[in-house]
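>>> coordinates only, no sequence provided:
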């Protein structure tokens, strides 16, 4: 069955970086893209960007340009999201979500979420 | 960016009630709208995509309608498992924006 499993929670200091992984199974990895979305405690969702696993193309939200990098390792069917220069307001649950590469219509499959806490 | 506005923010209802949540887009998104359900501490679950297509495995008491800028999610007969927060999201263009959520509470 289709599964997407994310890496475990992280605690980082302000100014540090975090890299979250998203390992897929149960389908051909390069036939779907991933978006990364975050949810601050008690808040709604914020879309961070999109990664085409077939060719590595990305589309980042303007807010995160220069601070985020999304990559893929097709040999392990894993997508990654690295966020740098962390601030306290980056504390959130980070999700990867699978979508179609073309004519995306929804996030049909979600990872379980990774809690990232930024604290000195 | 396209702004998505849900109403109400909170809804109190009883088991068996018919519940309707509205989502409005700041510009036309055709039918590129999805609805999700989220329970505390869990990832969202897709309910509806392309405004009215029920995701496989989702109970038929959930339905979606609308196009352009106004959309609704309806639960025909609220069940105990349906008390949760519901979000809409547009897929017309980037960035993929979400509504702020509607919490469905027990009355």
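Right, received. Where do you want to start? Predicted, not measured: the structure shown is a model, and the values here were computed from it. Numbers count the residues shown, from 1 in each chain, chains lettered A, B, ... in the order given.

>>> tell me which element the residue nearest to the spatial centre of chain B falls in.
Nearest to the geometric centre of chain B sits residue B:35, at 3.9 Å (Cα atoms, centre = their mean). With secondary structure defined by DSSP states H and E, residue B:35 is part of strand B:33-38.

>>> so residue B:6, which state does it fall into?
Following DSSP: H, G, I helix; E, B strand; the rest coil, we place residue B:6 in the strand state.

>>> who's in contact with it?
Contact analysis of residue B:6 by Cβ atoms under 8 Å, 6 or more residues apart in numbering or on different chains lists B:21, B:22, B:23, B:24, B:86, B:87, B:88, B:99, B:100, B:101, B:102. Where C-beta positions appear, they are placed from N, C-alpha and C, glycine not excepted.

>>> show me the residues you listed that map onto strands.
Among these, the residues falling in strands (DSSP state E) are B:21, B:22, B:23, B:24, B:86, B:87, B:88, B:102.

>>> same for chain A: which of the residues you listed are within range?
residue B:87 (Cβ under 8 Å from any Cβ of the partner chain).

>>> okay, and the beta partners of residue A:117?
residue A:11 (DSSP bridges).

>>> and it, how close does it get to residue A:91?
According to Cβ to Cβ, to the nearest Å, residue A:117 stands 5 Å off from residue A:91.

>>> same thing with residue A:84?
Going from residue A:84 to residue A:91 by Cβ to Cβ gives 15 Å.

>>> re earlier: mark which of the ones in strands among the contacts of residue B:6 are buried, thanks.
In those, burial by neighbour count holds for B:21, B:22, B:23, B:24, B:86, B:87, B:88, B:102, counting by 16 or more other Cβ atoms under 10 Å in any protein chain shown.

>>> in TSV: these, plus pLDDT.
Formatted as TSV, these follow (pLDDT from 0 to 100):
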residue	pLDDT
B:21	98
B:22	98
B:23	98
B:24	98
B:86	98
B:87	98
B:88	98
B:102	98
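
>>> closest to chain A among these?
Closest approach between these and chain A, by Cβ to the nearest Cβ: residue B:87, at 6.5 Å.

>>> and that closest one, what are its bridge partners?
Beta bridges link residue B:87 to residue B:36, judged by DSSP bridges.

>>> OK, contacts around it?
Contacts for residue B:87 (Cβ under 8 Å, 6+ apart) come out as A:44, A:45, B:6, B:35, B:36, B:38, B:44, B:98, B:99, B:101, B:102.

>>> ok, now with 10 Å
A:39, A:44-45, B:4, B:6, B:21, B:23, B:34-38, B:44, B:47, B:73, B:98-102 (Cβ atoms under 10 Å, 6 or more residues apart in numbering or on different chains).

>>> which residues in chain A form strands?
For chain A, strands defined by DSSP E occupy the ranges A:3-6, A:10-12, A:18-25, A:32-39, A:45-52, A:58-60, A:68-73, A:78-83, A:92-100, A:109-110, A:114-118.
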